[in-house]
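Engineer: Next input, structure requested:
(chains A and B)
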Amino acid sequence: MGVIRKIVGKRRGVDDLIFDTINVTFMLLLVVVMLYPMLNTLAISLNEATDTVRGGLHILPRSFTTYNYAHVFNEAQIIQAGIISVLRTVVGTGLGVFASAMVAYTISRPHFFLKKFITLAFVLTMYMNAGLIPTYLLNRELGLIGSFWVYIIPGLIGVFNLIVIRSFIEGLPETIFESARMDGAGEFVQFFRIALPLAVPVIATVSLFVAVGQWNQWFDVFIYNSSIPELSTLQYELMKVLQSTNTSGGSAADSFSRSLGGQVEVVTPQSIRAAMTVVVSIPIIMVYPFLQKYFVKGLTLGGVKG
Amino acid sequence: MSQSMNPVEAEKEYKARNKYKAKRGLRYFFRKCKEQKELLFMSVPFLIWLFIFKYIPLGGWVMAFQDFKPAKGFFEQEWAGLDNFRFLFGNERFFEIMRNTLAMSIINLVLGFVTAIALAILLNELRNIAFKRIVQTISYMPHFLSWVVVAGLVSTALAMEDGIVNTILLHLGIIDSPIMWLGVAHYFWGIIGASDVWKSVGWNSIIYLAAMTMINQEQYEAAEIDGAKRIQRILYITLPGIKPVFVILLIMNIGYILESGFEAQYLLMNSMNMDYAENLDIYVLRYGISMADFSLATAAGMFKTIISFIFLFGANKIAEKLGEARLF
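Structural biologist: Below you'll find the model as predicted:
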């Protein structure tokens, strides 16, 4: 009871008590609804596949094993896909955020004579999408198909991120830049020495957005590089597993076994899918709570001023 | 008359005239380019990038009026006039596609707004800050998962054998036998709506919570002294307080009215629910990439962009008329 009272807080009347009780109950329900599917998948990934097939597994593994993970990490294709996923996330985020910050800096300068023109040119593209086919043909003409760079270059700058960074730099006191100019600092120096260091909170937010977008992307792999296994990513490999289990009904029907040190361990598409889901999701779930205070601020900036 | 002017005055006049001209002329442009060459150096490469990747593809819209054959060069294509559009609008399948697109988009839009605002209000009413933090952090989590992962979680939860949704409904006695949720086409829109809410409700509530912190706290105190109940305070202070943010987001989202999402539908679609699952984006993908009918797919894509533009400007105009905040 003490815990509940603590959560509910000091009450001021019967009405308030009823409201708070319903509210807190609802929130607890929400937490369960949010967490259950993830914990269930975690349990499946850590449970023996033959045991999972029996059903009734909820949030705790019944017959613990790490074999599903061992199986996932034993596949050369998955290791390769993991490397590409990490690479595209690191390179895509690094280059994308740097480019966005640089352009954002220029269009945040009140004296820049192309400020309006460049801003408009970028913002218009938010609503003017040429569509899949023209984009596909352009990338083909540019020789990006079948290359790693198709993951990086076509989506280099996100307009939303650009606006978020611009709003932040515009909010910095102009006097800092002025005094730097008095000391003879050019635009590059002002960008690298003043704007970038002061914009760390917003850079962190945007980096998180871009990194998550890169890490979670599978569609460009599917469209441009599906015939090149060396350029596949984790999400695309998971997508292929998901599609195959969806069509086959996804159960033990096509399980296969491998002997491991005398003991026979079995994996099913379901257990592999669960283990892969955990592998692709863990990095993000570990990181985002620490950036929470930043992205709340960043989102507000972009939403209100954009 | 100019001969009668003395040279000093003539020079002055010449300068004044040129100064006026220079404000807007090429000379002004080049002077500024020279002055601000560092800023140009930092932005122009990316302006070129923007032009190549976002504006040149718009030229591809020409394909919508051609009978585009990938083997031929760009200028050797045969013109088809409006044939592709005629085929599109005369096609019964296209109407099903539009119905699915609009239905899922509107369901997602309405459910998205209602749930996000409701969650923000309820979170705002929590008194224990630590508890509020924990709930918020957990509610954002699904936003960071990919649709591939979420689609996997959804199909696990909806599984015929041992899926949690069927298990609960059976226990509560609401259904007698398990339902094959993804096998019945009629359920598809609801499943997409629910998945979308699960994934993004926490994230979408952030902006409303931020707007609520801007509301003057004295208003609440005054209302409390006047004896306003909790519900009344929510209805008369909190909701009007977040209205401007709501209007702006609504306009932005109406511009995306034909953007019903692609990944969720594509990943959860199967041969049994296809008639209710296939939307405009999937149609474009199917015709364009799989069947290589570039012209038809481009026509469909072009149609989508133009409708979105009309809706965006329409919504903006209406907001302007009503005296609300607007996008531009």
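
Engineer: Could I get the pLDDT score of residue B:125?
Structural biologist: What the model reports for residue B:125 is a pLDDT of 92.

Engineer: How much space separates it from chain A?
Structural biologist: According to C-beta to the nearest C-beta, to the nearest Å, residue B:125 stands 6 Å off from chain A. (Glycine included, C-beta is placed from N, CA and C.)

Engineer: That residue reaches residue A:16, doesn't it?
Structural biologist: No - in this structure, residue B:125 is not within contact of residue A:16 by C-beta atoms under 8 Å, at 9.8 Å.

Engineer: got any residues that touch both of the two?
Structural biologist: residue B:230 (C-beta atoms under 8 Å, 6 or more residues apart in numbering or on different chains).

Engineer: Can you give the distance of the helix or strand harbouring residue B:188 from its chain's centre?
Structural biologist: Secondary structure from DSSP states H and E places residue B:188 in helix B:188-213. When C-alpha coordinates are averaged (C-alpha atoms, centre = their mean, to the nearest Å), helix B:188-213 and its chain have centres 14 Å apart.

Engineer: Now do the buried residues in it.
Structural biologist: By 16 or more other C-beta atoms under 10 Å in any protein chain shown, the buried positions in helix B:188-213 come out as B:188-189, B:191-212.

Engineer: cool, and stretch A:25-41?
Structural biologist: Within stretch A:25-41, the residues that qualify as buried are A:27, A:30, A:34, A:37-38, A:40-41, counting by 16+ other C-beta under 10 Å.

Engineer: do the same with stretch A:142-154
Structural biologist: Of the residues in stretch A:142-154, those buried (16+ other C-beta under 10 Å) are A:142, A:144, A:147-148, A:150-154.

Engineer: Dump it to PDB, keeping only the CA atoms.
Structural biologist: Extracted in PDB, the C-alpha atoms of stretch A:142-154 (Å, rounded to 0.1, in the frame of the first residue of the first chain):
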ATOM      1  CA  LEU A 142      24.500   7.600 -60.900                       C
ATOM      2  CA  GLY A 143      25.800   4.100 -60.500                       C
ATOM      3  CA  LEU A 144      24.800   4.000 -56.800                       C
ATOM      4  CA  ILE A 145      22.900   0.700 -57.200                       C
ATOM      5  CA  GLY A 146      25.000  -2.100 -55.900                       C
ATOM      6  CA  SER A 147      27.200   0.200 -53.900                       C
ATOM      7  CA  PHE A 148      27.400   0.900 -50.200                       C
ATOM      8  CA  TRP A 149      27.000   4.700 -50.800                       C
ATOM      9  CA  VAL A 150      23.400   4.300 -51.800                       C
ATOM     10  CA  TYR A 151      22.800   4.000 -48.000                       C
ATOM     11  CA  ILE A 152      24.600   7.300 -47.300                       C
ATOM     12  CA  ILE A 153      24.400   9.800 -50.100                       C
ATOM     13  CA  PRO A 154      20.700  10.100 -51.300                       C
END
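
Engineer: quick one: is it near chain B?
Structural biologist: Yes - counting by C-beta under 8 Å from any C-beta of the partner chain, chain B has neighbours in stretch A:142-154: A:142, A:153-154.

Engineer: Now for residue A:236: which residues touch it?
Structural biologist: Applying C-beta under 8 Å, 6+ apart, the residues near residue A:236 are A:81, A:218, A:221-222, A:226.

Engineer: how about a cut-off of 7 Å?
Structural biologist: Contacts for residue A:236 were tallied using C-beta atoms under 7 Å, 6 or more residues apart in numbering or on different chains; they are A:218, A:221-222.

Engineer: Just give me the closest of those residues to chain B.
Structural biologist: residue A:218 (5.6 Å; C-beta to the nearest C-beta).

Engineer: so the closest one touches residue A:234, yeah?
Structural biologist: No - using C-beta atoms under 7 Å as the test, residue A:218 is too far from residue A:234 to be in contact (8.8 Å).

Engineer: Neighbour count: the two, which is higher?
Structural biologist: A count of neighbours by other C-beta atoms under 10 Å in any protein chain shown puts residue A:234 above the other of residue A:218 and residue A:234, at 27 against 24.

Engineer: so that one makes contact with residue A:280?
Structural biologist: Yes - Residue A:234 is in contact with residue A:280 according to C-beta under 7 Å; the separation is 4.8 Å.

Engineer: Now flag whichever of the buried residues of stretch A:142-154 is closest to residue A:91.
Structural biologist: Nearest to residue A:91, judged by C-beta to C-beta, of those is residue A:152 at 5.8 Å.

Engineer: Look up the closest residue to the closest one, ignoring the ones flanking it.
Structural biologist: residue A:92 (5.0 Å; C-beta to C-beta, 6 or more residues apart in numbering or on different chains).

Engineer: Report the separation between that neighbour and chain B.
Structural biologist: Residue A:92 is 14 Å from chain B, by C-beta to the nearest C-beta.

Engineer: residue contacts, the residue nearest the centre of chain B?
Structural biologist: Nearest to the mean C-alpha position of chain B, by C-alpha atoms, centre = their mean, lies residue B:256 at 4.2 Å. Residues in contact with residue B:256 (C-beta under 7 Å, 6+ apart) are residue B:308.

Engineer: can you pull the pLDDT of it?
Structural biologist: Looking at residue B:256, its pLDDT stands at 82.

Engineer: Kindly report the same for residue A:294.
Structural biologist: 79.

Engineer: Which helix or strand contains it?
Structural biologist: Going by DSSP H and E, residue A:294 is in helix A:292-305.

Engineer: Also residue A:88?
Structural biologist: Going by DSSP H and E, residue A:88 is part of helix A:76-108.

Engineer: Can you mark which positions in that helix are buried?
Structural biologist: Here helix A:76-108 shows A:78, A:80-82, A:84-85, A:87-89, A:92-93, A:96-97, A:99-108 as buried, counting by 16+ other C-beta under 10 Å.

Engineer: Show the average pLDDT along it.
Structural biologist: 96.

Engineer: and residue B:124, what does it touch?
Structural biologist: B:209, B:212, B:238.

Engineer: from memory residue A:48 sits against residue A:63, does it?
Structural biologist: Yes - using C-beta under 7 Å, residue A:48 is in contact with residue A:63, at 4.3 Å.

Engineer: so what does the strand or helix carrying residue A:160 touch, helix or strand wise?
Structural biologist: Element membership for residue A:160, per DSSP H and E: helix A:159-171. For helix A:159-171, the packing partners by 3 or more C-beta pairs under 7 Å, 6 or more residues apart in numbering or on different chains; DSSP states H and E come out as helix A:76-108, helix A:115-127, helix A:200-216, helix A:292-305.

Engineer: so which of those gets nearest residue B:218?
Structural biologist: helix A:292-305 (22.0 Å).

Engineer: Alongside chain B, which residues does the stretch 51-200 of chain A contribute?
Structural biologist: Counting by C-beta under 7 Å from any C-beta of the partner chain, the residues of the stretch 51-200 of chain A close to chain B are A:55-56, A:99, A:102-103, A:105-106, A:109, A:112-114, A:118, A:121-122, A:125, A:127-138, A:154, A:156-157, A:186-188, A:191.

Engineer: Which of residue A:48 and residue A:63 has more residues huddled nearby?
Structural biologist: The residue with more neighbours, out of residue A:48 and residue A:63, is residue A:48; 19 against 13, by other C-beta under 10 Å.

Engineer: pLDDT below threshold where in the chain?
Structural biologist: All of this is about chain A. A:1-12, A:246-264, A:298-306 (pLDDT under 70).

Engineer: try chain B instead
Structural biologist: B:1-24, B:324-328.

Engineer: Show me how it divides into domains.
Structural biologist: According to automatic domain parsing, chain B comprises the domains B:2-73, B:85-321.

Engineer: Dump those to JSON lines, plus distance to residue A:177.
Structural biologist: What follows is the domains of chain B, written out as JSON lines (distance: least, C-beta to C-beta, whole Å):
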{"stretch": "domain B:2-73", "distance to residue A:177": "12"}
{"stretch": "domain B:85-321", "distance to residue A:177": "28"}
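
Engineer: Residue A:239 is nearest to which of the ones you listed?
Structural biologist: domain B:85-321 (4.7 Å).
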